[in-house]
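Chemist: Model the structure of this input:
(chains A and B)
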2 protein chains.
Amino acid sequence: MSTDAVQTANGAGQLFQLLRDGIPRTRAELAKTTGLARSTVAVRVDELMRMGLITPVADAVSTGGRPPSQFAINPAAKVVVAADLGASHATVAIVDLAGTVLAETSASLDIALGPEPVLTWLVDGARELLASVERTVDDVAAMGIGVPGPVEHSTGQPVNPPIMPGWDHFDIPAWIFEHMPVPVLVDNDVNIMALGERGLAWPGVDHLMFVKIATGIGTGIISDGRLQRGAQGIAGDIGHVQVARGADIPCQCGNRGCLEALASGPAIARALRAQGIEAHTGSDVVDLVKRGNIDAIQAVRQAGRDIGEVLTTCVSLMNPSVIAVGGSMARVGEHLIAGVREVVYSRSTPLATEYLSIVQSVAAEHAGVRGASMLAIEHALSPESFTAAFLPV
Amino acid sequence: MSTDAVQTANGAGQLFQLLRDGIPRTRAELAKTTGLARSTVAVRVDELMRMGLITPVADAVSTGGRPPSQFAINPAAKVVVAADLGASHATVAIVDLAGTVLAETSASLDIALGPEPVLTWLVDGARELLASVERTVDDVAAMGIGVPGPVEHSTGQPVNPPIMPGWDHFDIPAWIFEHMPVPVLVDNDVNIMALGERGLAWPGVDHLMFVKIATGIGTGIISDGRLQRGAQGIAGDIGHVQVARGADIPCQCGNRGCLEALASGPAIARALRAQGIEAHTGSDVVDLVKRGNIDAIQAVRQAGRDIGEVLTTCVSLMNPSVIAVGGSMARVGEHLIAGVREVVYSRSTPLATEYLSIVQSVAAEHAGVRGASMLAIEHALSPESFTAAFLPV
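Modeler: Below you'll find the predicted structure:
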């Protein structure tokens, strides 16, 4: 409702959000637009200046001791480190404050190795990338990290993550800070993908679901313009919802008929092997589909229908305007989404689907890094970055 | 994330929320806590004073021309009208600013009669109730109304409401204003029940789902402390999600196997009639259960399981900490909730249910009016009430 719009417009974080568009503004303009006291604005502008995040605009630079009158963000003043840690693959990037990727590297890396080897790779990689673009750790305003499991966002600690042995309640921000002293934001990988997808392709959309289909299946939910994390940070975790077709298929979670046991990359490969087709991974399935293998195409279409069955309930519950399908299995193209659409459009109420788009992710494999950088930039430009909320005490 | 918390704490609406607790505060305290400019606080305090919503605290009343230094809310200064319009039953109440119901009346009233007769009943009822507590329309700060269909909350207009013929895009606030000149807030009835349940029983809970089980089945979703309405205002509309058991049961929506066709009051009555048991309405089912009829108890338990099947997906998706079950069918007591729990707890991941409570609604039949009054009070005490955002132009 409009109360919230007004509250957000008046919020302190908004001051810095305003400056992100690159348009120069005066202190008075910032005070007026945000409703903050001019003294508050002055203090925060000084802090941002000291950190080098904003600069006086050239033709308004101070002369004769008078403070500069206009300020704008300086995208190159600082950088953030953005990392997308998947189940078996990791990417780290250096991104400027405008969201441009300056350098990026990826590797096959098993998250189950545990926090120390994985985070060591991350920090080493970040250092190398920083050197390659001639920046130092002092230039890093914050780090954003996505991990493949539930995260208590306020502390940056994974909580009972099923495929991350050794990570339960591991204090990622504290460990990173010891090796690279920057503020660290951690979130679930699908959540950051939803942020990245929205930022890149749907900036004006307030109700978006990102569906990641890979080794696992999960969603990141943006509702009313905000990421929904739920009471324990596991909102969107639809991989273990039961689907009708799967009653006798066991899932590694201990239940039967879970969506992930039917429609994930490995599950589709397993179903194809049962038909005598050589397929061991989701990637094999993608290759088969791209080569036009009919059985693989049919299996992928059916997986889309299974996912659509669960998404139908999601559509009724959240009433999104966009569902973006991403993750490594999305590379099979329209066959998967055709199955999703088939079920969602036949099973939902007309009102729920009248304005609903179900589309391939635009950000695709960049969604994670993009979203992680947005988490970090958002933090770097928000007032909490000065209260050290995410720094270890 | 904490950015939002800070934004909310600094928001203008927060100034008035602060005063709602009845504790007196100075302008300086309000400015400091909200981060608003003192001049802004002064203007808004004056406006609230002029409207009589806040009063100077007795021992700090102005003397010798100096403005009073401390202010607190005056719960009796104004009242709101709260209305809960159901499919076949309507309630209207006069509520003070602290949420106390001063007078209330109910009637059997078919929403399908269309807007003019229903809203005429509402306005006439409100006038009579106002007279009975010796207040006038001038004392009414705002009106909150819940209706049994999707609502575009920003305009207060129902949008394609399936059981409200004649109401599509009817401008409820404008019509009411013509007959009773007060600002009007309209929302879906289950949404206001969620607000009412939270306000009455779970004030500290940020992730709550209210499930209404009556002639229809729907949910109101509070996530991250905010009501989730979705892109078209139909979030939570789970009545037409398909459940496994119902493949051959037709629903009036045109599909088959919808939750509402299996587990609503009329659906349970229909199933019992097919067994030769005299039951025509949900109310008959409730009576049978209360008399210990085994078949009715089993049918209600099964309806609970069907609802649980859909709620399992909701739990995975939203990760709530409380699911409150209300609506007229909730009067059957624990049998229904036992069925819900049975399925949700056996089908969800341990992480999703570790801290999840599935409980009978505490607000029960008062949830709607309570929530509608909260909508109205929230608006009356927010800055937008001075910008006439909800008044017809």
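
Chemist: Show me which residues of stretch A:239-248 are buried.
Modeler: Within stretch A:239-248, the residues that count as buried by 16 or more other C-beta atoms under 10 Å in any protein chain shown are A:239-243, A:246. Yep, even glycine has a C-beta here, placed from its N, CA and C like the rest.

Chemist: cool, stretch A:36-47 as well?
Modeler: Within stretch A:36-47, the residues that qualify as buried are A:36-37, A:40-41, A:44-45, counting by 16+ other C-beta under 10 Å.

Chemist: Let me know whether it sits next to chain B.
Modeler: Yes: using C-beta under 8 Å from any C-beta of the partner chain, stretch A:36-47 reaches chain B at A:36-38, A:40.

Chemist: for A:Gly52, phi and psi?
Modeler: Phi and psi for A:Gly52, reported as degrees, to the nearest 10, are phi 80, psi 10.

Chemist: And the pLDDT for it?
Modeler: Per-residue confidence at A:Gly52 stands at 75 (pLDDT).

Chemist: for A:Leu48, same thing?
Modeler: Listed pLDDT for A:Leu48 reads 77.

Chemist: next one: A:Pro56
Modeler: 84.

Chemist: The nearest residue to A:Arg38 once chain neighbours are set aside: how many residues sit nearby?
Modeler: Leaving aside its sequence neighbours, A:Arg38 sits nearest to A:Ala31 (C-beta to C-beta, 6 or more residues apart in numbering or on different chains; 4.5 Å). Neighbour count of A:Ala31, defined by other C-beta atoms under 10 Å in any protein chain shown: 20.

Chemist: In the host helix or strand of A:Ala31, which of the residues would be classed as buried?
Modeler: Using DSSP states H and E, A:Ala31 falls within helix A:27-34. Judged by neighbour count using 16+ other C-beta under 10 Å, the buried positions of helix A:27-34 are A:27, A:29-31, A:34.

Chemist: moving C-terminal of that helix, what's the next helix or strand?
Modeler: Next in line after helix A:27-34, if elements are assigned by DSSP H and E, sits helix A:38-50.

Chemist: What pairs with the helix or strand just after that next one, parallel or antiparallel?
Modeler: Moving toward the C-terminus from helix A:38-50, the next helix or strand (DSSP H and E) is strand A:54-56. In the sheet, strand A:54-56 lines up against strand A:70-73 (antiparallel) (DSSP bridges).

Chemist: buried set for the helix or strand following the strand it pairs with?
Modeler: The first helix or strand that comes after strand A:70-73 along the chain, using DSSP H and E, is strand A:79-85. Neighbour-count burial for strand A:79-85 flags A:79-85 (criterion: 16+ other C-beta under 10 Å).

Chemist: now do stretch A:204-215
Modeler: A:205-215.

Chemist: So for it, mean pLDDT?
Modeler: Taken as a whole, stretch A:204-215 has an average pLDDT of 94.

Chemist: which parts of the stretch 251-393 of chain A sit against chain B?
Modeler: A:253, A:255, A:310, A:312-314, A:316-321, A:347-349, A:351-352, A:354-356, A:378-379, A:382-384, A:389.

Chemist: Which ones among those lie within helices?
Modeler: Cross-referencing these against helices under DSSP state H gives A:310, A:312-314, A:316-318, A:347, A:351-352, A:378-379.

Chemist: Looking at those residues, which is nearest chain B?
Modeler: Nearest to chain B, judged by C-beta to the nearest C-beta, of those is A:Thr313 at 4.3 Å.

Chemist: Max pairwise distance over the buried residues of stretch A:36-47: which two?
Modeler: The span of the buried residues of stretch A:36-47, defined through C-beta to C-beta, is set by A:Ala37 and A:Val45 at 12.5 Å.

Chemist: what does stretch A:117-134 rub up against?
Modeler: Around stretch A:117-134, the neighbours that count as contacts under C-beta atoms under 8 Å, 6 or more residues apart in numbering or on different chains are A:79, A:81, A:83, A:85, A:90, A:92-94, A:102-105, A:107, A:109, A:111, A:136-137, A:139-140, A:143, A:145, A:172, A:175-176, A:179-180.
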